[in-house]
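>>> Here is my input; please provide its structure:
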Amino acid sequence: MSTTCHSMNVLLVRCAALLVAGGAITASPSVGSAADTANAANAAEIVEVRKIWDEAPHNAFTDLVRFQDRWYCTFREGKAHVSPDGAARVLVSDDGETWESAARLTSPAGDVRDPKISLMPDGRLMIVTAVALEDDSAASHQSVVWHSADGVHWDGPHDVADPNFWLWRVTWHDGSGYGIGYATRRGAARGIRLYKTDDGEQFETLVADLGVDGYPNETSIVFEPDGTALCLLRRDADANTGMLGSATAPYTDWTWRDLGVRIGGPQMVRPPDGRHVAAVRLYDGKVRTSLVWIDPQAATLEEIIALPSGGDTSYPGLVWHDGLLWASYYSSHEGKTAIYLAKVKLPAAE
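Residues are numbered from 1 along each chain as shown. Presented below is the predicted three-dimensional model:
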């Protein structure tokens, strides 16, 4: 298959929001049955789902950004979900329909994992990821960054943060970038720490231990208009429910509340209407990638709609653009792990 994707299958699906009672997520109906109820007044609508890449044996762990009026989607590709040959692929598109490869980023030190892309205050793109080190005698993972002024030519990888702490994602606010790293060393204490950067090159430890029990790991941070930071956090091990954290500047004192729902691969954004929408992997009966509402006041999570997905799936990127929520994600529901792009119309705020 060529690097352009004119021949990719386009799925047009119209779906209704799922019913949620008492804060607990109900079992998700199939996409087909959801389409039968799309006339519900409070329904979300999947305008389009498009497969945009499946060239590697395993294509997964996405992120999405709009840069210089073009779309950039990055993800890991390799022989398997975990394999020593992992690389970060960067795709580019003018319209979200036809995609081509802009770059492929590798590290001589090992497996490049789960790239996350952001727009820096100076106008450059930054990709942050962790390398699962081939020589893990001293450390199992090292976080690295690449920078680019055009999305095609990338400078890196450059080591950042601390060995054995996976800097998951960086969110920019008032000229600074904030990201949470989680401990990766086997047998070591599990914990998360908050990093801050002003230039995307030097990262300082702002909080060495954010004090979350269990096995806290993947995160997404959103900043409110008043500067309050909200963090959607995945936890595993015995305490395997997601958490919602909040802090005000200078972001050294955090409050955490249990959402009561198991999640994976969280990504959260704040559309212009002030609501908070996230994309996560859900595990309640049927594994799937879904859009959910996050209520910061009540600390609740409510499913909006399931994206066509199943099996090995999740790790979305989210961008609000022209009144629609654009979501990149990966899934194996069609047999092979592939990268998908969905456009979703959210129900109007009440």
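
>>> what sits against T197?
160, 170, 176-177, 179, 203-204 (Cβ atoms under 8 Å, 6 or more residues apart in numbering). For glycine as for every other residue, the C-beta is placed from the backbone atoms N, C-alpha and C.

>>> what comes up buried for the strand or helix carrying G177?
Per DSSP states H and E: G177 is located in strand 176-183. Within strand 176-183, the residues that count as buried by 16 or more other Cβ atoms under 10 Å are 177-183.

>>> strand partners of it, parallel vs antiparallel please.
Sheet pairing for strand 176-183, assigned by DSSP bridges, gives strand 165-167 (antiparallel), strand 171-173 (antiparallel), strand 192-197 (antiparallel).

>>> so how far is D69 from the nearest residue in space to D198 that is not next to it in sequence?
Nearest non-adjacent residue to D198, counting by Cβ to Cβ, 6 or more residues apart in numbering: S176, 5.4 Å away. Between S176 and D69 the computed distance is 26 Å (Cβ to Cβ, to the nearest Å).

>>> Where do the helices of the chain begin and end?
Assigned by DSSP state H, the chain shows helices spanning 31-35.

>>> pLDDT-wise, which helix or strand of it ranks last?
strand 20-21 (a mean of 27; mean pLDDT, DSSP states H and E).

>>> Contacts only, for R281.
263-265, 287-290, 313-315.

>>> Recalculate using a threshold of 6 Å.
When contacts are counted by Cβ atoms under 6 Å, 6 or more residues apart in numbering, R281 touches 264-265, 289, 314.

>>> same thing with F165?
So F165 contacts 181, 183 (Cβ under 6 Å, 6+ apart).

>>> Show me what it bridges to in the sheet.
A183.

>>> mind checking how far it is from A130?
9 Å.

>>> From the structure, what's the count of residues near the residue nearest to W320 when sequence neighbours are not counted?
Leaving aside its sequence neighbours, W320 sits nearest to P271 (Cβ to Cβ, 6+ apart; 4.9 Å). Counted with other Cβ atoms under 10 Å, the neighbours of P271 add up to 15.

>>> how much space is there between P271 and A298?
19 Å.

>>> cool, D312 as well?
32 Å.

>>> cool, and A342?
Relative to A298, and taking Cβ to Cβ, A342 is found at 27 Å.

>>> What of M243?
14 Å.

>>> In terms of neighbours, single out the busier of these two.
M243 (24 against 12).

>>> The closest residue to the more buried one other than its chain neighbours: how many residues sit nearby?
Leaving aside its chain neighbours, M243 sits nearest to L233 (4.3 Å; criterion: Cβ to Cβ, 6+ apart). Close neighbours of L233, defined as other Cβ under 10 Å, add up to 26.

>>> now V170
V170 has 25 nearby residues by other Cβ under 10 Å.

>>> just checking, it touches M120?
No - judged on Cβ atoms under 6 Å, V170 makes no contact with M120 at a distance of 8.9 Å.

>>> List the buried residues in stretch 84-96.
In stretch 84-96, counting by 16+ other Cβ under 10 Å, buried: 86-93, 96.

>>> Repeat that for stretch 152-164.
So stretch 152-164, judged by 16+ other Cβ under 10 Å, has buried residues 154, 156-157, 160-162, 164.
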